[in-house]
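A.B. asks: The amino acid sequence is not available; the structure is as follows:
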(Lines give C-alpha, C1' and ligand atoms only; values in the text may rest on other atoms or scores of the structure.)
Protein backbone atom coordinates (compact mmCIF):
# COMPACT_ATOMS: atom_id res chain seq x y z
CA UNK A 1 0.00 0.00 0.00
CA UNK A 2 1.18 3.51 -0.78
CA UNK A 3 1.01 4.91 2.76
CA UNK A 4 2.57 8.23 1.79
CA UNK A 5 -0.15 8.88 -0.77
CA UNK A 6 -2.86 7.67 1.61
CA UNK A 7 -1.76 9.73 4.61
CA UNK A 8 -2.74 13.38 4.57
CA UNK A 9 -0.01 15.99 5.15
CA UNK A 10 -1.67 16.67 8.53
CA UNK A 11 -1.23 13.04 9.60
CA UNK A 12 -4.73 11.68 9.09
CA UNK A 13 -4.61 8.08 7.93
CA UNK A 14 -6.87 8.00 4.89
CA UNK A 15 -6.20 4.27 4.44
CA UNK A 16 -8.18 3.59 7.64
CA UNK A 17 -11.02 6.03 6.90
CA UNK A 18 -14.45 4.47 6.26
CA UNK A 19 -14.94 6.86 3.31
CA UNK A 20 -11.80 5.51 1.67
CA UNK A 21 -12.60 1.89 2.55
CA UNK A 22 -16.05 2.36 0.97
CA UNK A 23 -14.36 2.44 -2.44
CA UNK A 24 -14.11 -1.35 -2.30
CA UNK A 25 -16.93 -2.19 0.13
CA UNK A 26 -20.42 -1.57 -1.26
CA UNK A 27 -22.15 -2.45 2.04
CA UNK A 28 -20.05 0.11 3.90
CA UNK A 29 -20.72 2.64 1.17
CA UNK A 30 -24.47 2.05 1.50
CA UNK A 31 -24.30 2.49 5.30
CA UNK A 32 -22.31 5.72 4.92
CA UNK A 33 -24.79 7.03 2.37
CA UNK A 34 -27.72 6.33 4.65
CA UNK A 35 -26.05 7.52 7.86
CA UNK A 36 -24.77 10.80 6.40
CA UNK A 37 -27.77 11.36 4.16
CA UNK A 38 -25.63 11.74 1.05
CA UNK A 39 -25.90 10.13 -2.37
CA UNK A 40 -24.42 6.66 -2.74
CA UNK A 41 -22.26 7.95 -5.59
CA UNK A 42 -20.58 10.52 -3.32
CA UNK A 43 -20.20 8.22 -0.31
CA UNK A 44 -16.51 7.61 -1.00
CA UNK A 45 -13.21 9.45 -0.87
CA UNK A 46 -9.94 8.74 -2.66
CA UNK A 47 -7.88 10.25 0.16
CA UNK A 48 -6.65 13.77 0.82
CA UNK A 49 -3.73 13.76 -1.60
CA UNK A 50 -5.74 12.12 -4.39
CA UNK A 51 -8.54 14.63 -3.84
CA UNK A 52 -5.94 17.44 -3.81
CA UNK A 53 -7.08 18.59 -0.36
CA UNK A 54 -10.70 19.18 -1.34
CA UNK A 55 -12.89 16.45 0.15
CA UNK A 56 -16.23 16.34 -1.69
CA UNK A 57 -18.29 14.45 0.91
CA UNK A 58 -17.34 17.14 3.46
CA UNK A 59 -18.94 19.73 1.21
CA UNK A 60 -15.65 21.60 0.97
CA UNK A 61 -15.81 24.49 -1.46
CA UNK A 62 -12.14 25.39 -0.97
CA UNK A 63 -8.99 23.35 -0.64
CA UNK A 64 -7.97 22.51 2.94
CA UNK A 65 -5.65 25.22 4.24
CA UNK A 66 -3.33 22.64 5.82
CA UNK A 67 -3.00 20.85 2.48
CA UNK A 68 -2.29 24.18 0.74
CA UNK A 69 0.30 25.11 3.35
CA UNK A 70 2.15 21.80 2.94
CA UNK A 71 2.14 22.30 -0.83
CA UNK A 72 3.45 25.87 -0.52
CA UNK A 73 6.19 24.83 1.91
CA UNK A 74 7.03 21.77 -0.20
CA UNK A 75 6.78 19.26 2.66
CA UNK A 76 5.19 15.83 2.57
CA UNK A 77 4.07 15.98 6.19
CA UNK A 78 3.57 18.90 8.56
CA UNK A 79 6.15 17.56 11.03
CA UNK A 80 8.82 18.32 8.40
CA UNK A 81 8.03 22.04 8.58
CA UNK A 82 10.03 24.48 10.71
CA UNK A 83 6.72 25.93 11.97
CA UNK A 84 5.41 22.60 13.30
CA UNK A 85 3.15 22.54 15.22
CA UNK A 86 1.08 25.45 13.99
CA UNK A 87 -2.50 26.65 14.27
CA UNK A 88 -3.49 24.70 11.14
CA UNK A 89 -3.18 21.59 13.32
CA UNK A 90 -4.86 22.98 16.41
CA UNK A 91 -7.33 20.48 17.92
CA UNK A 92 -10.95 21.57 18.31
CA UNK A 93 -13.92 20.18 20.18
CA UNK A 94 -16.22 20.73 17.21
CA UNK A 95 -17.13 17.27 15.89
CA UNK A 96 -14.34 15.66 17.94
CA UNK A 97 -16.67 12.81 18.85
CA UNK A 98 -17.18 11.78 15.22
CA UNK A 99 -14.08 12.94 13.33
CA UNK A 100 -10.48 12.00 14.16
CA UNK A 101 -8.99 15.45 13.45
CA UNK A 102 -7.66 15.83 16.99
CA UNK A 103 -5.31 12.89 16.36
CA UNK A 104 -3.27 14.81 13.77
CA UNK A 105 -0.38 16.02 15.94
CA UNK A 106 -0.09 12.69 17.75
CA UNK A 107 0.00 10.87 14.40
CA UNK A 108 2.61 13.26 13.00
CA UNK A 109 4.83 12.77 16.06
CA UNK A 110 4.51 9.00 15.69
CA UNK A 111 5.31 9.18 11.96
CA UNK A 112 8.41 11.22 12.75
CA UNK A 113 9.45 8.83 15.54
CA UNK A 114 8.50 5.47 14.00
CA UNK A 115 8.68 6.16 10.27
CA UNK A 116 5.67 6.22 7.97
CA UNK A 117 5.48 2.51 7.12
CA UNK A 118 6.01 1.34 10.70
CA UNK A 119 3.38 3.78 12.03
CA UNK A 120 0.91 2.86 9.28
CA UNK A 121 1.26 -0.88 9.81
CA UNK A 122 1.61 -1.04 13.60
CA UNK A 123 0.02 2.00 15.21
CA UNK A 124 -2.35 4.08 13.02
CA UNK A 125 -5.44 1.90 13.52
CA UNK A 126 -4.83 1.80 17.29
CA UNK A 127 -4.61 5.59 17.49
CA UNK A 128 -8.04 6.00 15.90
CA UNK A 129 -9.53 3.12 17.91
CA UNK A 130 -8.18 4.50 21.20
CA UNK A 131 -9.38 8.01 20.32
CA UNK A 132 -12.96 6.85 19.83
CA UNK A 133 -13.15 3.90 22.24
CA UNK A 134 -10.28 4.15 24.71
CA UNK A 135 -10.40 5.37 28.29
CA UNK A 136 -8.05 7.96 29.74
CA UNK A 137 -5.77 6.27 32.26
CA UNK A 138 -3.26 8.49 34.03
CA UNK A 139 -2.50 5.90 36.73
CA UNK A 140 -0.66 3.48 34.46
CA UNK A 141 -3.02 0.64 35.42
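C.D. replies: Cool, got the structure. Just so it is clear, the model here is predicted, and its values are computed rather than measured. Numbers count the residues shown, from 1 in each chain.
A.B. asks: Show me the shaky parts of this protein.
C.D. replies: Scanning the chain with the threshold set as pLDDT under 70 gives 141.
A.B. asks: Tell me which stretches of the protein form helices.
C.D. replies: 18-21, 26-36, 65-72, 104-114, 116-122, 124-133 (DSSP state H).
A.B. asks: need those helices in TSV with distance to residue 56, can you?
C.D. replies: To be clear about C-beta, it is placed using only N, CA and C from the backbone, and glycine gets the same treatment. Converted to TSV, these look like this (distance: least, Cβ to Cβ, whole Å):
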stretch	distance to residue 56
helix 18-21	10
helix 26-36	12
helix 65-72	14
helix 104-114	21
helix 116-122	24
helix 124-133	22
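A.B. asks: Could you report the neighbour count for residue 58?
C.D. replies: By other Cβ atoms under 10 Å, the residues close to residue 58 number 12.
A.B. asks: Could you measure from it over to residue 82?
C.D. replies: Distance, residue 58 to residue 82, using Cβ to Cβ, to the nearest Å: 29 Å.
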